[in-house]
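A.B. asks: task: produce atomic coordinates for the following.
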Amino acid sequence: MRDPNNPCLFCNIKESGLADENTLAYASYDTYPVSELHCLIIPKRHVKDYFELTNDEVIACNDLIKKIKEKILLKDPLVKGFNIGTNAGKIAGQSLLHCHIHLIPRREGDVENPQGGVRSVIPLKQHYKRKV
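C.D. replies: Residues are numbered from 1 along each chain as shown. Purely as a prediction, here's the structure:
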């Protein structure tokens, strides 16, 4: 099996697949989607994680997140929400060591209880009761 970090899969836009792009970043549909139309926003410059992005790269990625969100909503009117997230470091679950931001469309009923959303990275912390 090929190591996606050697050479870096995300440094090759053609191999990753292109959904959209701007000067500093591109979007690609995830090969292992959490939900239909799950997209990755990837800076063109090889950087390890979100914290190494320049301010201009953060803006370019954010612009693509908003643009792809609108495209997803046009493709699938059942999408009613989104999760946006990134993993920074192997301990946080990052397996491809080139910064990428997940844009995950959510549909009503896709999980039994969506409360906590991104908190589910630590399953026992996902569901919580509010303190008054």
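A.B. asks: straight-line length of stretch 45-53, end to end?
C.D. replies: This stretch, stretch 45-53, spans 9 Å end to end (Cα to Cα, to the nearest Å).
A.B. asks: quick one: buried residues of it?
C.D. replies: Under the neighbour-count criterion of 16 or more other Cβ atoms under 10 Å, stretch 45-53 has 47, 49-50, 53 buried. C-betas here are computed from N, CA, C, even on glycine.
A.B. asks: nearest to Leu96, out of these: which one, please.
C.D. replies: Asp49 (10.6 Å; Cβ to Cβ).
A.B. asks: please report the distance of the closest one from Gln115.
C.D. replies: Separation of Asp49 from Gln115 (Cβ to Cβ, to the nearest Å): 27 Å.
A.B. asks: what's across from the most centrally placed residue in the chain in the sheet?
C.D. replies: Centroid-nearest residue in the chain, with Cα atoms, centre = their mean: His102, separated by 0.6 Å. With DSSP bridges as the criterion, His102 is bridged to Leu40, Gly85.
A.B. asks: does it touch Phe82 like I think?
C.D. replies: No - the pair His102 / Phe82 is not scored as a contact, 9.6 Å apart, by Cβ atoms under 8 Å.
A.B. asks: which residues are contacting the one helix or strand Phe82 maps to?
C.D. replies: If you go by DSSP states H and E, Phe82 is part of strand 79-85. Under the contact criterion Cβ atoms under 8 Å, 6 or more residues apart in numbering, strand 79-85 has outside partners 37, 65, 69, 72-73, 101-108, 114, 117-118.
A.B. asks: buried only: go through those for me.
C.D. replies: 37, 65, 69, 72, 101-106, 117.
A.B. asks: from those, pick the one nearest Thr23.
C.D. replies: Closest to Thr23, out of all of the buried ones among the contacts of strand 79-85 and judged by Cβ to Cβ, is Ile65, at 15.6 Å.
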